[in-house]
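Undergrad: only the shape, not the letters, is given here:
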């Protein structure tokens, strides 16, 4: 069973969080994890103008699968391999810095790699995108210093 929390953004987007009822202890570097999540969530807000964003965590064996879903514009299949390239931006050929720099996803990818994970991405053009990565978990009996 999942706990459900939701809120409303200033763009009339639904923001939902799904966490397992069973406590998960993540074995990770908190700053790297938070910075990676910040970049992925920021990306979701940039491209979702209606619908919502879902941030979910699920236990998968000795890992936690963290996913960010959005109902944004989606990514064309031919761009999926390019979105993690530095400065690559779909729909910004004029390189307008007011539309950001195109560094959020490459930074998120590098941070996930530093955490020993890889970011996956699935998308349907016009429907939305989901980014996900795994973080190692520990048994609750593990003692932390």
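TA: Right, received. Where do you want to start? Just so it is clear, the structure is predicted and the values come from calculations on it, not from any experiment.

Undergrad: these two touch, right, residue 114 and residue 31?
TA: No: in this structure residue 114 lies outside contact range of residue 31 using Cβ atoms under 8 Å: 10.3 Å. Glycine gets a C-beta too; all of them are placed from N, C-alpha and C.

Undergrad: so residue 43 is in which element?
TA: Assessed by DSSP states H and E, residue 43 sits inside helix 30-47.

Undergrad: sketch out the low-pLDDT regions of the protein for me.
TA: 1-11, 88-102, 140-145 (pLDDT under 70).

Undergrad: now the strands for the protein?
TA: 2-8, 14-20, 25-26, 52-60, 63-70, 120-124, 128-138 (DSSP state E).

Undergrad: how about those in a markdown table, adding mean neighbour count and distance to residue 36?
TA: What follows is the strands of the chain, written out as a markdown table (neighbours: other Cβ atoms under 10 Å; distance: least, Cβ to Cβ, whole Å):
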| stretch | mean neighbour count | distance to residue 36 |
| --- | --- | --- |
| strand 2-8 | 10 | 21 |
| strand 14-20 | 16 | 17 |
| strand 25-26 | 15 | 13 |
| strand 52-60 | 17 | 12 |
| strand 63-70 | 21 | 9 |
| strand 120-124 | 15 | 13 |
| strand 128-138 | 20 | 7 |
